[in-house]
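1. 3D model of this:
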Amino acid sequence: MAQEKKKRIVTWDDPMPGAAASREMGGLPFLWAILAGEQPPPPIGELMGFEPLEVEEGRALFVCTPAEYHYNPIGTVHGGLLASLCDSALGSIRLSLKY
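-> Next comes the predicted model:
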């Protein structure tokens, strides 16, 4: 029962310039710049297939449509996808808050 292997190619931008920009711009303006396409998305979003839809102070909405490469060995979406999605949304909320 040999099956043809599938491939997935993931590309991303160097995250270090964005990290520097976030310190200069401040959290919320930086997140808005990602949404506007003025800053590249983080590599983890490119890898996992999720993205932010809305960000405001204290709130972040992310979206992800699970794909076959998100499946675990029993054919359901791996819980790590949800954990990573929550981690990114919660990290964005923290970044959006003014301290």
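
2. which one is Thr11 nearest to, not counting chain neighbours?
-> Glu46 (6.8 Å; C-beta to C-beta, 6 or more residues apart in numbering). Heads up, the C-betas are built off the backbone N, CA and C, glycines and all.

3. doesn't that neighbour fall inside a helix?
-> Yes: applying DSSP: H, G, I helix; E, B strand; the rest coil, one finds Glu46 inside a helix.

4. and it, how many neighbours?
-> 15 (other C-beta atoms under 10 Å).

5. and it, what does it touch?
-> 10-12 (C-beta atoms under 8 Å, 6 or more residues apart in numbering).

6. between those residues, which has the most around it?
-> That'd be Trp12 among these, by other C-beta under 10 Å, with 13 neighbours.

7. pLDDT at it, what is it?
-> Note on Trp12: pLDDT of 94.

8. Does it fall in a helix, a strand, or a coil region?
-> coil.

9. For Phe50, see how far away the spatially closest residue to it that is not a sequence neighbour is.
-> Excluding the flanking residues, the one nearest Trp12 by C-beta to C-beta, 6+ apart is Pro43, at 4.0 Å. According to C-beta to C-beta, to the nearest Å, Pro43 and Phe50 sit 12 Å apart.
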